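Chemist: coords please:
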Amino acid sequence: MISRNSQNLTSHSRRINKQYASLVQVFRTYADNNVLQKLSIAVTGIVVQRRNHRNTCLHCKTAGPSSSTGFSASSGSDLEKAKEELRDLERERDVAVYEAESSARIAMKLTEMITLLENLALQKVKEGNELSAKEILIEKSATNEALSQNSAKAQKYYALAAKLAEKIGEKQRSVLVLLKNSGLASHPISPYPSSVAASKGSTSLGSSEHFSDDLRSRRLNEAPASRKAEYESSTGFGVPSWQTSLEDAKIRIRDAENASRQLSQSANLSAQESIEAARERIRQRSSHESLLQAAQSRLKRDADNSIQAAQERLRQQDQEVLAYVGRIMARYRNGENVTEDELEFAFQQMEKRFRS
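Modeler: Next up, the predicted model:
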């Protein structure tokens, strides 16, 4: 009886460990780091309670059959509903965080723009242009108002994100309770198939056979030359070596004379061609100098005209950009919606003109 109880307790502890692993794996995708720690602590408490229950069962004299917890349709629908509500809360939290970060970025750009306007106003005062300095200070006050509005908007969305985070934590705890009541079981992961390595004995055998075949073929190729030398030395019917050397020397001399004649002829032809080509280049250069001078003067005139046209276009573009920046700031003063890209562009243009 005691051995049967110990076996039942061992299998029961294994099921508890599997359920613990499955719960942690399910909630790893939903919870943040802090919430996941809270869930792990809660699940650990559940496991401790079940282990305490197991220890109390050791004192029982008889072990009754364990009742299996079934996954009913009502609990399944409640679990799916809770998961859907959790996903909705997470989507709302993501939207709130995005809006808060966007408002914070706009506030940073506005702060930099205010600093730039202050420096520009000081520069105008030093230059003696008080009218421009007053206009810049008016623009600075309007930018301060926009900054306060964006800061309030960012704080509002950050507070909303914090409240949603608390609701998400509560919803995750409720989902954890539903998962515990449903009695989900984890599926074991199947191991990877093992591969069998191929043996290399055939490779070494083939290499040794190839070496023996190569040695055999080399010996067969060297055999006829050695037998021929032995035959000529024994019979004396071969051609004398001095006669062979004399004929070879005559052939080399004739080849060298022919090569020298060909080289001299080609050198003469190349020299004549080089002289004629040099004369032709001199004539062409003298005729092209006047054309080059005319072309240079024409290119200079075209370059001057292009530079003037480019400068005029740049002035027009600069005026258009300044007008566009003025329209952006007017929209800000009127309380209209202005995007981050427009603010970034206006800030860059003002910074560029301040540095220049």
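Chemist: could you check how far the nearest residue in space to residue 337 that is not next to it in sequence is from residue 346?
Modeler: Leaving aside its sequence neighbours, residue 337 sits nearest to residue 331 (CB to CB, 6 or more residues apart in numbering; 7.9 Å). Quick note: C-beta positions are derived from backbone N, CA and C, even for glycine. Per CB to CB, to the nearest Å, residue 331 is found 10 Å from residue 346.
Chemist: again, but for residue 300
Modeler: 40 Å.
Chemist: ok, those two, which is more surrounded?
Modeler: When residue 300 is set against residue 346 and neighbours are counted by other CB atoms under 10 Å, the residue ahead is residue 346, at 21 against 10.
Chemist: so the more buried one touches residue 330, yeah?
Modeler: No. The pair residue 346 / residue 330 is not scored as a contact, 11.1 Å apart, by CB atoms under 8 Å.
Chemist: would you list every one of the helices in the stretch 1-150 of the chain?
Modeler: Ranges of helices in the stretch 1-150 of the chain, per DSSP state H, counting those that start in this stretch, are 2-27, 33-57, 73-127, 130-182.
Chemist: quick one: which of the ones you listed has the weakest pLDDT on average?
Modeler: For the helices of the stretch 1-150 of the chain, mean pLDDT drops lowest on helix 33-57, to a mean of 41.
Chemist: what's the helix or strand for residue 318?
Modeler: In the assignment (DSSP states H and E), residue 318 maps to helix 241-333.
Chemist: quick check: angle from that helix to helix 130-182?
Modeler: 100 degrees (axes from the mean of the first three to the mean of the last three CA atoms, to 10 degrees).
Chemist: show me what helix 241-333 is packed up against.
Modeler: helix 130-182, helix 340-355 (3 or more CB pairs under 8 Å, 6 or more residues apart in numbering; DSSP states H and E).
Chemist: let me see the mean pLDDT of that helix.
Modeler: pLDDT averaged over helix 241-333 gives 78.
Chemist: how far off helix 340-355 does it point, in degrees?
Modeler: Using the same axes, to 10 degrees: helix 241-333 against helix 340-355 is 100 degrees.
Chemist: go through stretch 307-326 and flag the buried ones.
Modeler: For stretch 307-326, the neighbour count (16 or more other CB atoms under 10 Å) marks residue 325 as buried.
Chemist: just the C-alphas of that stretch, formatted as CSV.
Modeler: Listed next in CSV are the C-alpha coordinates belonging to stretch 307-326 (Å, rounded to 0.1, in the frame of the first residue of the first chain):
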residue,chain,number,x,y,z
ILE,A,307,25.9,80.3,-61.4
GLN,A,308,23.7,83.4,-61.5
ALA,A,309,20.6,81.3,-62.3
ALA,A,310,21.4,78.9,-59.5
GLN,A,311,21.9,81.7,-57.0
GLU,A,312,18.6,83.2,-58.1
ARG,A,313,16.8,79.8,-57.7
LEU,A,314,18.4,79.4,-54.2
ARG,A,315,17.1,82.8,-53.2
GLN,A,316,13.6,81.9,-54.3
GLN,A,317,13.7,78.6,-52.6
ASP,A,318,15.0,80.2,-49.4
GLN,A,319,12.1,82.7,-49.5
GLU,A,320,9.6,79.9,-50.1
VAL,A,321,11.1,77.9,-47.1
LEU,A,322,10.9,80.9,-44.8
ALA,A,323,7.3,81.5,-45.9
TYR,A,324,6.5,77.8,-45.2
VAL,A,325,8.1,78.0,-41.7
GLY,A,326,6.0,81.1,-41.0
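Chemist: start at 13 instead
Modeler: Right, with 13 as the first residue, what we last looked at is stretch 319-338.
Chemist: quick one: neighbours of the closest residue to residue 95 other than its chain neighbours, just the number.
Modeler: With sequence-adjacent residues excluded and distances taken as CB to CB, 6+ apart, residue 95 is closest to residue 187, at 6.3 Å. Residue 187 has 22 neighbours, counted by other CB under 10 Å.
Chemist: and residue 187, how far from residue 102?
Modeler: Between residue 187 and residue 102 the distance is 12 Å, computed by CB to CB.
Chemist: what do you get for residue 162?
Modeler: 26 Å.
Chemist: what do you get for residue 331?
Modeler: Distance from residue 331 to residue 102, by CB to CB: 49 Å.
Chemist: with residue 304 instead?
Modeler: According to CB to CB, residue 304 and residue 102 sit 75 Å apart.
Chemist: so between those two, which is more surrounded?
Modeler: Applying other CB under 10 Å to residue 304 and residue 102 shows that residue 102 carries more neighbours, namely 16 against 10.
Chemist: that one against residue 177, yeah?
Modeler: No. Counting by CB under 8 Å, residue 102 stays clear of residue 177, with 9.7 Å between them.
Chemist: for residue 352, see how far away residue 106 is.
Modeler: Taking CB to CB, one finds residue 106 at 18 Å from residue 352.
Chemist: whoops, I mixed them up, residue 262
Modeler: 94 Å.
Chemist: between these two, which is the more surrounded one?
Modeler: A direct count of neighbours by other CB under 10 Å for residue 262 and residue 352 places residue 352 higher, at 12 against 9.
Chemist: got a list of what the more buried one touches?
Modeler: Contacts were defined as CB atoms under 8 Å, 6 or more residues apart in numbering; by that measure residue 352 touches 114, 117, 118, 121.
Chemist: ditto for residue 149
Modeler: 129, 133.
Chemist: OK, contacts around residue 158?
Modeler: Residue 158 neighbours (CB under 8 Å, 6+ apart): 122, 344.
Chemist: returning to what we had before: what about the residue nearest to residue 349, how many neighbours?
Modeler: For residue 343, the neighbour count with other CB under 10 Å is 13.
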